[in-house]
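Student: only the shape, not the letters, is given here:
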């Protein structure tokens, strides 16, 4: 079997839904355009993920289906450590022998933990979606680390008008399993509540896997419950429902502390929503243009209660300026009230909002 004919196995949570599934799916769709011998292998059960998109058409295989496939090939695994190491152990030497191993990893801080550095010993190369994540990983290995951004397709519909009834509608989407403190929905709530009355704005916060942290979820419900113009949306949505949710809003508001890439920010931009987001980490690779309002920040030590970050010496992440974000939202509403239709010739907003420089 020639190298060109050798199969490429793409391992990921294809049936789980959420960010993990979306990342693997986008990668596979792009990779399959140039590599005809791709095999998608679902790892949702191995990663203890609930199946949201069960596949019955044979397009996705499972670990048990391929474990006896010996010989040459490439293995691309869409899992961070320690799941990466665990999956390699499950696959075993017999399957992995003569195969090139590529880890698709995403990290949100300036350096990676020791457990990640240990994982790099077992792979031949690493791919990651952003220059921020690339810098963090590449400084800990001499192996090849490549940037492969998520190739998100343009949607069939985009936002055409804004704030038509005088109400600015803002949206934030995050997965509770991705660490609530990093996604920082509290900052979005505080900025929005400071900016608008119920007659001026609405904020929707869509939470995936809300049961991943019942304590954080209950705390957010209590916080949002103090404001009649803020709603929490929990539960599963398919791609069509999520697309409709985006288009029901004018602004995507993400006052995160760090992003490995920022997939929902990118999806909102492609739908022509205005974006008000923290000007730090992975999203700064693509967050530019006439609809973008970066939010200034300062770098602070990471809360040491989180074990995954606790092992990183001098770990930092962003603390977005909530007052600045509220001021941006107010200015944006004032601007949009002057026109009920989309102006495709709008100029870049750099003069109206801070740049991506730390303050």
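Tutor: That came through fine. For clarity, every value in this text was computed on a predicted model and none was experimentally measured.
Student: okay, and residue 188 sits in which element?
Tutor: helix 185-195 (DSSP states H and E).
Student: ok, residues contacting that helix?
Tutor: 170, 172, 174, 201, 203, 205, 207, 220, 223-224, 226-227, 230, 253-255, 320, 322-323, 325-327, 329-330, 333 (Cβ atoms under 8 Å, 6 or more residues apart in numbering). For every residue, glycine as well, the C-beta is placed using N, CA and C.
Student: just checking, which of those belong to helices?
Tutor: Those of these mapping onto helices are 220, 223, 224, 322, 323, 325, 326, 327, 329, 330, 333, per DSSP state H.
Student: show me the contacts for the fifth one.
Tutor: Remark: with contacts taken as Cβ under 8 Å, 6+ apart, residue 323 is in contact with 191, 194.
Student: try the first one
Tutor: Neighbour list for residue 220: 180, 185, 186, 189, 205, 207, 232 [criterion: Cβ under 8 Å, 6+ apart].
Student: wait, the first one sits on residue 214?
Tutor: If I follow you right, that is residue 180. No. With contact defined as Cβ atoms under 8 Å, residue 180 does not reach residue 214; the gap is 11.1 Å.
Student: between the two, which is the more surrounded one?
Tutor: With neighbours defined as other Cβ atoms under 10 Å, residue 180 and residue 214 compare such that residue 180 has more, 21 against 10.
Student: quick one, phi/psi of that one?
Tutor: phi -60, psi -40 (degrees, to the nearest 10).
Student: for residue 290, see how far away it is.
Tutor: Distance of residue 180 to residue 290, computed by Cβ to Cβ, to the nearest Å: 32 Å.
Student: same deal with residue 277?
Tutor: Distance from residue 277 to residue 290, by Cβ to Cβ: 15 Å.
Student: over to residue 224?
Tutor: 31 Å.
Student: shaky segments in this structure?
Tutor: For the chain, the stretches flagged by pLDDT under 70 are 1-4, 53, 56, 304-308, 340-359.
Student: what number of residues lie near the nearest residue to residue 221 once chain neighbours are set aside?
Tutor: Excluding its sequence neighbours, the residue lying closest to residue 221 (Cβ to Cβ, 6 or more residues apart in numbering) is residue 232, at 5.9 Å. Using other Cβ under 10 Å, residue 232 has 18 neighbouring residues.
Student: before we move on, what about residue 45?
Tutor: Residues lying near residue 45 (other Cβ under 10 Å) number 14.
Student: so it: helix, strand or coil?
Tutor: coil (DSSP: H, G, I helix; E, B strand; the rest coil).
Student: ok, it - contacts?
Tutor: 51, 62 are the contacts of residue 45 under Cβ under 8 Å, 6+ apart.
Student: so it versus residue 249, what's the distance?
Tutor: On the measure of Cβ to Cβ, residue 45 and residue 249 end up 34 Å apart.
Student: now do the SS call for residue 55.
Tutor: Going by three-state DSSP: residue 55 is coil.
Student: find the nearest non-adjacent residue to it, please.
Tutor: residue 15 (5.9 Å).
Student: what about the one you found, how many neighbours?
Tutor: So residue 15, with other Cβ under 10 Å, has 22 neighbours.
Student: from residue 276, how far out is it?
Tutor: Counting by Cβ to Cβ - residue 15 and residue 276 are separated by 33 Å.
Student: kindly report the same for residue 337.
Tutor: Taken as Cβ to Cβ, the span from residue 337 to residue 276 is 16 Å.
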